[in-house]
Every structure is written in C-alpha cells, then in structure tokens.
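*Asks:* no sequence on hand, only this structure:
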C-alpha cells in the first residue's frame with residue numbers, strides 16, 4: 001500500500017455509521033511522516049505486540065492525510081444536501097491562489113485555505 005501511495009498520493013478514507021445511516025469520506029493527499037520525533041510522539045505502548053522494534057522499526061509508518069474534500073451524509077442527524085436523492089453535503093478546500101503558493105508551511109504542516117460548500 002505504501003508503494004501505491006507513493007505512486008499516487010491521492011487517497012480517500014471512509015467511515016460508516018450504521019446507527020445513523022450515515023458516512024463521511026475524507027479525501028486528500030497522503031504524506032508519510034518520517035521524523036523520529038513524530039514517530040515517538042504518536043507511539044502507543046499497546047502497539048509493541050505488533051511492532052517488535054517499536055517506533056524505531058521500519059514496519060511502523062505514520063501517514064498524514066491533508067484533507068481537501070469532506071463528504072458527509074447522516075439520515076439520522078439530518079445531514080444531507082438532498083436526503084431523498086441520497087446526495088451528501090460536501091466541503092471542499094479552495095485551491096492555492098497562485099502557482100507560487102505552497103500547500104505546506106515552513107514546518108511541513110498544511111497551510112490554512114478556506115473551505116467552501118459544494119454538491
């Protein structure tokens with residue numbers, strides 16, 4: 001899967017909520033976080049059973065999803081642009097205003113771009 005992400009970093013992550021007849025899909029660009037400080041910061045001791053070398057091991061990978069589209073629908077919570085047509089509400093991030101704008105700031109964190117509602 002990491003090779004697939006390296007070849008095409010555009011990914012979607014979906015969550016389903018059966019109790020409210022709903023879902024949310026986050027779409028964006030996936031980036032591997034390789035810094036040892038972040039790996040240690042996000043490490044959970046319970047994971048040691050799955051990662052023998054802990055946060056230092058090559059098999060433990062942190063991925064960050066820089067979200068640019070959120071699609072959400074929940075019949076139980078009355079969240080939908082058109083519930084009868086099963087059309088979700090969508091939020092999209094505005095693209096950068098010029099080619100010189102970067103999607104990430106000096107720390108590598110994504111810059112803040114405004115969100116807009118779309119269908």
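*Replies:* Okay, I see it. Because the structure is a prediction, the values reported are computed rather than measured. Residues are numbered from 1 along each chain as shown.
*Asks:* and the helices in this protein?
*Replies:* Assigned by DSSP state H, the chain shows helices spanning 2-7, 36-42.
*Asks:* any idea which of these gets closest to residue 60?
*Replies:* helix 36-42 (6.6 Å; CB to CB). Yep, even glycine has a C-beta here, placed from its N, CA and C like the rest.
*Asks:* packing partners for the closest one?
*Replies:* Counting contacts by 3 or more CB pairs under 8 Å, 6 or more residues apart in numbering; DSSP states H and E, helix 36-42 packs against strand 62-74.
*Asks:* the strand it packs on packs against which elements?
*Replies:* Using 3+ CB pairs under 8 Å, 6+ apart, strand 62-74 sits against strand 10-17, strand 22-33, helix 36-42, strand 89-93.
*Asks:* ok so, going back, for the helices of the chain, give me a markdown table that also has mean neighbour count, distance to residue 89 and mean pLDDT.
*Replies:* Below are these laid out as a markdown table (neighbours: other CB atoms under 10 Å; distance: least, CB to CB, whole Å; pLDDT from 0 to 100):
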| stretch | mean neighbour count | distance to residue 89 | mean pLDDT |
| --- | --- | --- | --- |
| helix 2-7 | 10 | 27 | 91 |
| helix 36-42 | 12 | 30 | 93 |
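*Asks:* done for today, thanks.
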